[in-house]
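Colleague: I would like the atomic coordinates for the input below:
(4 chains)
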4 protein chains.
Amino acid sequence: MSDIDPTGAVAEWWATGISRMEPGVIELRGRPVQDLIGTTGLAPMIWLLLRGDLPGPREAALLEAALVAAVDHGPQAPSIAVARMAATCGIGLNGAVASAVNTLGDSHGGAGEQCVLLMDEIIERERAGAALETAAAQVIAGWPRYLPGFGHRFHPVDPRRDPLLSLVEDAVRDGIVAGDHLRAGLAVEAHLAEGRARPVPMNIDGATAVVYAELGFPAPLARGLFVLSRSIGILAHAWEETQQGRRNKGPMPRTILPAHLRP
Amino acid sequence: MSDIDPTGAVAEWWATGISRMEPGVIELRGRPVQDLIGTTGLAPMIWLLLRGDLPGPREAALLEAALVAAVDHGPQAPSIAVARMAATCGIGLNGAVASAVNTLGDSHGGAGEQCVLLMDEIIERERAGAALETAAAQVIAGWPRYLPGFGHRFHPVDPRRDPLLSLVEDAVRDGIVAGDHLRAGLAVEAHLAEGRARPVPMNIDGATAVVYAELGFPAPLARGLFVLSRSIGILAHAWEETQQGRRNKGPMPRTILPAHLRP
Amino acid sequence: MSDIDPTGAVAEWWATGISRMEPGVIELRGRPVQDLIGTTGLAPMIWLLLRGDLPGPREAALLEAALVAAVDHGPQAPSIAVARMAATCGIGLNGAVASAVNTLGDSHGGAGEQCVLLMDEIIERERAGAALETAAAQVIAGWPRYLPGFGHRFHPVDPRRDPLLSLVEDAVRDGIVAGDHLRAGLAVEAHLAEGRARPVPMNIDGATAVVYAELGFPAPLARGLFVLSRSIGILAHAWEETQQGRRNKGPMPRTILPAHLRP
Amino acid sequence: MSDIDPTGAVAEWWATGISRMEPGVIELRGRPVQDLIGTTGLAPMIWLLLRGDLPGPREAALLEAALVAAVDHGPQAPSIAVARMAATCGIGLNGAVASAVNTLGDSHGGAGEQCVLLMDEIIERERAGAALETAAAQVIAGWPRYLPGFGHRFHPVDPRRDPLLSLVEDAVRDGIVAGDHLRAGLAVEAHLAEGRARPVPMNIDGATAVVYAELGFPAPLARGLFVLSRSIGILAHAWEETQQGRRNKGPMPRTILPAHLRP
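Modeller: You can find the predicted model right below:
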């Protein structure tokens, strides 16, 4: 409170547990910023700001692996294509990143959030007494739309799945994480593979969702962490595009277009 | 001021001349909203909110013509392509419009702002005594980059140029606008045509910039008004795309891509 | 198709019924752009691009009234505050509008979309034989969250409600629209008022949703049209803010803040 | 090239050196993604994607320190306030981050880009024979607007300045970086301090710009890297806000407002 905010209403409206300032002082989650610079890595900082405490080294490493895995999937992903086109329109890199990050919605990156909810529901049913296979089958049967986090229209097996799940298995073995979400995710895979020639393995949204959920992040942060990760690829593509000097780049080279789509 | 804001600092921080509220009362530029609904068109409302007064009918009609002219230029424009791709990613129409409008930067729609500045500079030099042709030539010679508002890589003549300039000519003849920016724009065209087989006529950014500047809008609002206009086409394309049911649409059909660009 | 797109896959990928280009030619929904400039207003253009045909004059006037009604609700609305703050950060007006329009989500402007769905459901139940009051009561009872389009935390009666609904009543009387959504909306109001001292009348999202639905726009376009409308106020506020010369404007004047929130 | 893209025009239009896909294969800058997951940290990944090679450990640590330093500066920064308000409007975390990142323009975060250009100019003049002090004085005298990267309206000394510059000094001493930009930045500080009671030290934009420029990042990437860094704080604040359950949060509590600004 202050003379000018006698009821404290203003301070309350913008109150935050994340950062605190005074002239010459910046504290992040109670830690002076100068103690963090040079001693704390990016992954622990992300954890600290989102959750209020610092992770152990194994937890930080697992988080970092998932963030590294999803940085980019090439210019055919709408987010990357948007970044590259936006970067040619005379706006700064901040604007190109913003237009692109914005597209990481329910079906593109945001799927991780729904995948955590899917796994949560399976775990709940199992805790209520159902066999894991049954729980998975029931939740899948009742899922209203696309099953989030499984299957890829391009990769038969996503090359990011195995290394991520393998790191989670190590962490389960060493007691770093509990393993419930890993078991739930594998049960979904198993159920989807039944009687099919071509299985439907976890994709990157699914595999990173397993990591984030095992580490205790709530579902919406699976989306949020994907945003941080993919921002790296988005920035790299926007920057590469600006160096090629195109202006107002459309989705296809004009020369390949039928006349009525050309300009 | 209020008991709780004794110095009035809060009220001052968010003070605006555009709208005023009390319980049950909404005034826009001093006019009760219920007096505007059903009596005032969109173009006069845009004028009212931006400038504080209502335009005459001829001014409103001229503004409306320019806003209508620029609504869309097809899916090869980056803004439209971005809107369509974003709309398939599981975000609302508000998000698709935002990602797209954001790309209307210095080289894509924002060029109108710079074109007004170009014409302003010519008018100033003329007022300082230079012949119009000389003024145009000098300003063009000193312009650091692409000449904003002139030339089109697709249309030999932009079909929106003539009807817009013709409306401005009528307005000059009837004393509605002064005609200085029209003269400056035509002088640029004339200078660019000298000795060329293929002239470089005004494009839509240029022609609408002439309208907006003649109507007395400051340069940055040429960009702002373009944003309002193109938002209409952006919304229409985003909506059309959502009805086609694609998910995570990339810039090109996967079937046409070399494998390494395909997913 | 073209030599260079032998299968037509590229043309199909970006096919649109909205606009068609050839060198020197721009057609919008099959109409040459030069025939639209100066003859067609903004509201009919919005209708044309979204739906493919031109509205009658009464339909256009009703659409225009709803678009006018929602242009602004002052700087305390998050969309407007975002626009004003963004405008001080060294990005163009396009960027300020984008950051702001993006916030028009499910609870802020996007509520119109859900309100149409609410009314649709009531109409459906009535058509299946329920009395209107019963239909309204049932749908309201089953609605999972905030009832979209009703009630306002500030206005006891929203001054935009009566003029909009009155225009819809006129249109019903004259056979321009059918009146089903108006009846559904009023039934919700009546149900909410039962036994309450203070009724919960339609707010701007609700009243404009009635207009858009009566005119035959699908639910997601209630959100889309709100975006076009509010963009006008967003632009006006962003522009007003840039003229005041602040840089990096925060949400509150620094002088009123407790020290730890001040910078 | 492919049968369906005989001229290779399509492949060329979206060509990138950043990522390469084949079914079951993802390579980032030529490295299989499965070799990077679990072995490579976030800071080296950022470097790899932006520049094509992996940094040495000291370079990676310096980059990471700068990225950590700028993650947050509290809710009074417009970017953070925008994120928090947007998060209450019914859009996903991706949308809240996008609206916020978009505001990191020329005066808010984007200043790092201009600060690198400022230092570049001083270094160039020095290389052309001027004394460092003279070079700094000349460039400052000719700078058209606010000096980017120096001074803070809140902190007398920014607590992030010393630890960052100290890490750069260490890196210079050990031959990791050349030290030119550090010298240029300090020369600007010295010039600004002359004859003043209160000096104008580097702020966070300036200190991180020194780091990024010393590491060889081009000027626009000072802005781009700031975007990645601040995204972390933006996400944390958006997430904290969603957990408080407010809807459509305005910039100030309604109770403190004069009536006409209240809704």
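Colleague: Helices of the stretch 151-263 of chain A, start to end?
Modeller: Along the stretch 151-263 of chain A, counting by DSSP state H, counting those that start in this stretch, helices occupy A:161-173, A:180-193, A:204-214, A:219-242.
Colleague: is the second one anywhere near chain D?
Modeller: No - Helix A:180-193 stays clear of chain D (CB under 8 Å from any CB of the partner chain), getting no nearer than 15.7 Å. C-beta: built from backbone N, CA, C; applies to glycine.
Colleague: chain center to that helix: distance?
Modeller: The gap between where helix A:180-193 is centred and where its chain is centred comes out at 20 Å by CA atoms, centre = their mean, to the nearest Å.
Colleague: With only the CA atoms kept, save it in PDB.
Modeller: Output in PDB follows, covering the C-alpha atoms of helix A:180-193 (Å, rounded to 0.1, in the frame of the first residue of the first chain):
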ATOM      1  CA  ASP A 180       2.000 -42.900 -14.600                       C
ATOM      2  CA  HIS A 181       1.700 -40.700 -17.600                       C
ATOM      3  CA  LEU A 182       4.300 -42.800 -19.500                       C
ATOM      4  CA  ARG A 183       2.300 -45.900 -18.700                       C
ATOM      5  CA  ALA A 184      -0.900 -44.200 -19.800                       C
ATOM      6  CA  GLY A 185       0.600 -43.000 -23.100                       C
ATOM      7  CA  LEU A 186       2.000 -46.500 -23.900                       C
ATOM      8  CA  ALA A 187      -1.400 -48.000 -23.100                       C
ATOM      9  CA  VAL A 188      -3.000 -45.700 -25.700                       C
ATOM     10  CA  GLU A 189      -0.300 -46.700 -28.200                       C
ATOM     11  CA  ALA A 190      -1.000 -50.300 -27.500                       C
ATOM     12  CA  HIS A 191      -4.700 -49.900 -27.900                       C
ATOM     13  CA  LEU A 192      -4.300 -48.100 -31.100                       C
ATOM     14  CA  ALA A 193      -2.000 -50.700 -32.500                       C
END
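Colleague: average model confidence for it?
Modeller: Throughout helix A:180-193, pLDDT has a mean value of 96.
Colleague: and the angle for it with helix A:204-214?
Modeller: Between helix A:180-193 and helix A:204-214, the angle comes out at 150 degrees (axes from the mean of the first three to the mean of the last three CA atoms, to 10 degrees).
Colleague: so what's the most centrally placed residue in chain A up against?
Modeller: Nearest residue to the geometric centre of chain A (CA atoms, centre = their mean): A:Phe226, 1.7 Å. Going by CB atoms under 8 Å, 6 or more residues apart in numbering or on different chains, A:Phe226 touches A:70, A:104, A:109-110, A:112, A:205, A:208.
Colleague: nearest to A:Leu117, of the helices of the stretch 151-263 of chain A?
Modeller: A:Leu117 sits nearest to helix A:219-242 of all the helices of the stretch 151-263 of chain A, at 5.1 Å, using CB to CB.
Colleague: got the angle for that closest one vs helix A:204-214?
Modeller: Helix A:219-242 runs at 130 degrees relative to helix A:204-214, counting by the same axes, to 10 degrees.
Colleague: Can you point out the buried residues in helix A:219-242?
Modeller: The neighbour-count check on helix A:219-242 (16 or more other CB atoms under 10 Å in any protein chain shown) flags A:219-242 as buried.
Colleague: Ok, stretch A:125-141 next?
Modeller: Using 16+ other CB under 10 Å as the test for burial, stretch A:125-141 gives A:125-126, A:130, A:132, A:135-137, A:139-140.
Colleague: what are the ranges of the helices in the stretch 1-150 of chain A?
Modeller: Taking DSSP H, counting those that start in this stretch as the criterion, the stretch 1-150 of chain A carries its helices at A:9-13, A:33-36, A:42-51, A:57-69, A:78-86, A:93-101, A:111-127, A:132-142.
Colleague: And the longest one, how far out from the chain middle?
Modeller: So the one you mean is helix A:111-127. The answer for helix A:111-127 is 16 Å, by CA atoms, centre = their mean.
Colleague: In contact with the residue nearest to A:Val211 when sequence neighbours are not counted: list those residues for me.
Modeller: Leaving aside its sequence neighbours, A:Val211 sits nearest to A:Ala66 (CB to CB, 6 or more residues apart in numbering or on different chains; 4.0 Å). Residues near A:Ala66 by CB under 8 Å, 6+ apart: A:164, A:207-208, A:211-212, A:225, A:229.
Colleague: Reformat those residues as a markdown table; add pLDDT.
Modeller: Shown next, in a markdown table, are the contacts of A:Ala66 (pLDDT from 0 to 100):
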| residue | pLDDT |
| --- | --- |
| A:Leu164 | 98 |
| A:Ala207 | 96 |
| A:Thr208 | 97 |
| A:Val211 | 98 |
| A:Tyr212 | 98 |
| A:Leu225 | 97 |
| A:Ser229 | 98 |
